[in-house]
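Q: The following block contains a protein sequence and its predicted model.
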Amino acid sequence: MNPVLQRIQSFSAAEEFLDFFGVEYEPSVVHVNRLHILKRFNQYLNRSPIPDDMDEATAMATCKALLSQAHDDFVKSTAAQEKVFKVFQDQNGKSISLDSLKASLATRGQGA
């Protein structure tokens, strides 16, 4: 594994990744979309893997560009539109009203 990727393995907060790579970010976007941004960053890394022997400066620059792109995806769009997670992919643009959810729960409660 590339040393840059080894270093970020211990990170947990989106801000740690963003600060480490020096990505400028909007805190309000990160606050709402932190998991989506990190998942998208991981998807970009899977599409453009960092070779083990890539020099540190190039690996840092590549990761910075990919993380910046992941962040910017959610500046321009929403989590529902980007469909990073399966729950959004399965929904296929459908929404569930609160009334139908309440009716469904009431029906289930009567059967128990």
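A: Nice, thanks for sending it over. Here the structure is a predicted model, which means the values were calculated and not measured.
Q: what ranges of this structure fall below the confidence cut-off?
A: 85-96, 109-112 (pLDDT under 70).
Q: which residues in it form helices?
A: For the chain, the helices defined by DSSP state H occupy 3-8, 14-21, 27-47, 56-76, 79-82, 86-91, 98-111.
Q: I'd like the ones you listed written out as CSV, with mean neighbour count added.
A: Heads up, the C-betas are built off the backbone N, CA and C, glycines and all. Output for the helices of the chain, formatted as CSV (neighbours: other CB atoms under 10 Å):
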stretch, mean neighbour count
helix 3-8, 14
helix 14-21, 18
helix 27-47, 16
helix 56-76, 17
helix 79-82, 16
helix 86-91, 11
helix 98-111, 9
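Q: my guess is F21 meets L67, correct?
A: Yes. Between F21 and L67 there is a contact under CB atoms under 8 Å: 5.3 Å.
Q: Now for D55, how many residues are close by?
A: For D55, the neighbour count with other CB atoms under 10 Å is 12.
Q: how far away is it from H36?
A: 30 Å (CB to CB, to the nearest Å).
Q: if I pick Q69, what's in contact with it?
A: Y44 (CB atoms under 8 Å, 6 or more residues apart in numbering).
Q: Same question for D73.
A: Contacts of D73 (CB under 8 Å, 6+ apart): I37, R40, E82.
Q: Not counting its neighbours along the chain, what's nearest the last one?
A: What sits nearest to E82 in space, not counting adjacent residues and going by CB to CB, 6 or more residues apart in numbering, is D73, at 5.7 Å.
Q: And the first one, by the same measure?
A: Among residues not flanking I37 along the chain, A70 sits closest, at 5.0 Å (CB to CB, 6+ apart).
Q: was I right about the one you found contacting R47?
A: No. A70 is beyond contact range of R47, at 11.5 Å (criterion: CB under 8 Å).
Q: ok, the nearest residue to L45 once chain neighbours are set aside - contacts?
A: Of all residues not flanking L45 in the chain, L66 sits nearest, at 6.2 Å (CB to CB, 6+ apart). Going by CB under 8 Å, 6+ apart, L66 touches F41, Y44, L45, S48.
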